[in-house]
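[1] I would like the atomic coordinates for the input below:
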Amino acid sequence: MRSLSRLFQLLCLLLASGVGNLYAEQSLQMTAELNSASGFLQSDSAAQRSLTLTPGASQEVKDELPPMPTIDLTKAPDDLWQRMRNGFSMSNLDSPLVADRQAWYLNRPDLLKRVFERSRRYLYHIVTELEKRGMPTELALLPIVESSYNPLAYSSARALGMWQFIPSTGKNYNLKQNWWYDQRRDTIASTSAALDYLQYIYEMHGDWHLALASYNWGEGAVGRAINKNKAKGLPTDYAHLNMPNETRYYVPKLQAIKNIIAEPALFGIQLDPIPNRPYFGIVERSGNMDIALAARLAEIPVDEFIALNPAYSRPVMPDTANSPLVLPADKVQTYRDNLENHEAKDKPLSAWLTHPLKKGEKIDTVAARYGINPAQLRKLNGITARTKITPGFTLLVPGKDAVGLDSIAGRLPQTPAEPPRATKKSKKSVSTAGSKRRTATAKVRKPAPKSAAKSTRSTAKPKKR
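    I've put the predicted structure just below:
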């Protein structure tokens, strides 16, 4: 019985082995057929090659494909433009008007170059602020549409600065405006106010295109246009709303610039890289300080100082402004060292004096007394033909230690008493970025309480913020 049992076990092993070999042969045959059908075996000789399996070994197909390109978002790019591209998150607008605006910008390469160069001072700060708020970084391109990145831009609707605020809305957003300075021109303060408003209108509409239309036209006007379309059973997106021509072209302008920045080589544009690091640093100050002296202590031209500190209208920065100095990042330490040496010599930080006009005293007489050109004295004090001058009128006059008088007299930004006149345009014409004249965009309103969120504006024409 034991012999019969062993014989039975042996027969079972042989049978299993035969079945295994049969499966192996069938597997090899199927593999050869599949390879032949897929083109892996390109010749008869290759098809006739024998395939053998090494016991315990495995086979695999090794593809010699190039690795797929990847973007490491955990590593900050060296170029600020690329950092901005990584944060593009707004849906693209599909409209023939985008191609129209692209052509307009591309036909003006000198304008693009000038605007991009001007933006270098401010882009890092704005992109950083957008990222902090989780907002699309293409909004950093909006000042190109609004002001060509000119912090001194002034429109026919009395809108001022890179983000174009009108006086009333500037006050709503705590942008101080007085004889000494206007924070609508201030890079840091106006950027914060503009992003506050953009966040507010985005949360209102839940759509960035509608938010931008509101930024240009006003949230009340956009809301009414949406309600009209709803009543007619029409779509309520940006492309289908009935709106003024300027607002119709507003988002296409931004989309066109975004497209150019996203693929500059595709459009034949040479986009010089911008280092992905702060352009400027902030230095706290106390007490009055002369603008010309601050520029000298930082060892930078007055023009550069004003470009970074454009809010001030007078040769003296008052302590009541309670605002820090904005200086090139590589000049912050230079300024501190020179300030320490200046104060060690017990020199004043402001050499300008106040002079109240006496009865019968003329400005020309005062100018001669302090050794300054009468025209310069008027300009530095914001005196125009409409300024009413009476006894007691206080003038800023230079003291004996005042520096940089000639360099600053013609460079200080002024807020004109009257805005530039708007030129008449045909109904088919379109305002363009970079133009000093703009019929203006929406009036930025302070976010209303939830219980009174409905806009009270009745005008249907675009107005400046």
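[2] name the helix or strand of this structure that has the lowest mean pLDDT.
    Least confident helix or strand, the chain: helix 44-47 with a mean of 44, by mean pLDDT, DSSP states H and E.
[3] next SSE after that helix?
    For helix 44-47, the following helix or strand on the C-terminal side (DSSP states H and E) is helix 80-86.
[4] other SSEs contacting that following helix?
    helix 123-133, helix 245-262 (3 or more C-beta pairs under 8 Å, 6 or more residues apart in numbering; DSSP states H and E). (C-beta placed from N, C-alpha, C; glycine too.)
[5] what residues does the helix or strand following the first one touch?
    I take that to be helix 123-133. Per DSSP H and E, the first helix or strand lying C-terminal to helix 123-133 is helix 142-147. In this structure, residues lying in contact with helix 142-147 by C-beta atoms under 8 Å, 6 or more residues apart in numbering are 115, 119, 122, 126, 149, 153, 161-164, 194, 212, 215, 250, 253-254, 257, 433, 441.
[6] and with 6 Å instead?
    Under the contact criterion C-beta atoms under 6 Å, 6 or more residues apart in numbering, helix 142-147 has outside partners Val115, Tyr149, Ala153, Met162, Gln164, Lys253, Leu254, Ile257, Ala433.
[7] between these, which is nearest Thr390?
    Using C-beta to C-beta, Ala153 is the member of those that sits closest to Thr390, with 33.1 Å.
[8] next, count neighbours for that closest one.
    Ala153: 21 surrounding residues under other C-beta atoms under 10 Å.
[9] ok, Leu152 next?
    15.
[10] equivalent analysis for Tyr312, please.
    Using other C-beta under 10 Å, Tyr312 is surrounded by 22 other residues.
[11] could you check how far it is from Leu175?
    Applying C-beta to C-beta, to the nearest Å, the value for Tyr312 to Leu175 is 14 Å.
[12] could you do Ile306 as well?
    Distance from Ile306 to Leu175, by C-beta to C-beta: 18 Å.
[13] between those two, who's got more neighbours?
    With neighbours defined as other C-beta under 10 Å, Ile306 and Leu175 compare such that Leu175 has more, 23 against 20.
[14] so, low pLDDT: which residues of the stretch 201-350 of the chain?
    Within the stretch 201-350 of the chain, not a single segment meets pLDDT under 70.
[15] got it, and the stretch 1-150 of the chain?
    For the stretch 1-150 of the chain (pLDDT under 70), the answer is 1-74.
[16] now the helices: where do they sit in the stretch 201-350 of the chain?
    With DSSP state H, counting those that start in this stretch as the criterion, the stretch 201-350 of the chain has helices at 208-217, 219-231, 245-262, 291-298, 302-308, 332-344.
[17] which residues touch the last one?
    Read that as helix 332-344. By C-beta under 6 Å, 6+ apart, helix 332-344 touches Gly281, Val283, Leu297, Ala298, Glu299, Leu327.
[18] now distance to Leu357 and neighbour count too, for those residues, in a markdown table please.
    What follows is the contacts of helix 332-344, written out as a markdown table (distance: C-beta to C-beta, whole Å; neighbours: other C-beta atoms under 10 Å):
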| residue | distance to Leu357 | neighbour count |
| --- | --- | --- |
| Gly281 | 41 | 17 |
| Val283 | 36 | 17 |
| Leu297 | 32 | 24 |
| Ala298 | 34 | 22 |
| Glu299 | 37 | 13 |
| Leu327 | 36 | 26 |
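[19] looking at those residues, which is nearest Leu353?
    Proximity of the contacts of helix 332-344 to Leu353 was ranked by C-beta to C-beta; the top entry is Leu297 with 20.5 Å.
[20] contacting residues around the closest one?
    Tyr335, Asn338, Leu339.
[21] what count of nearby residues applies to the second one?
    For Asn338, the neighbour count with other C-beta under 10 Å is 17.
[22] I'd like the distance between it and Arg158.
    Per C-beta to C-beta, Asn338 is found 38 Å from Arg158.
[23] still on that earlier bit, please tabulate the helices and strands packed on helix 80-86 in TSV, including the columns distance to Lys400.
    As requested, the helices and strands packed on helix 80-86 are arranged in TSV below (distance: least, C-beta to C-beta, whole Å):
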stretch	distance to Lys400
helix 123-133	38
helix 245-262	50
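[24] for these, which one sits closest to Gly404?
    helix 123-133 (26.5 Å).
[25] can I get the helices of the stretch 201-350 of the chain in a markdown table with distance to Arg83?
    Listed next are the helices of the stretch 201-350 of the chain as a markdown table, based on distance: least, C-beta to C-beta, whole Å:
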| stretch | distance to Arg83 |
| --- | --- |
| helix 208-217 | 20 |
| helix 219-231 | 30 |
| helix 245-262 | 12 |
| helix 291-298 | 27 |
| helix 302-308 | 21 |
| helix 332-344 | 22 |
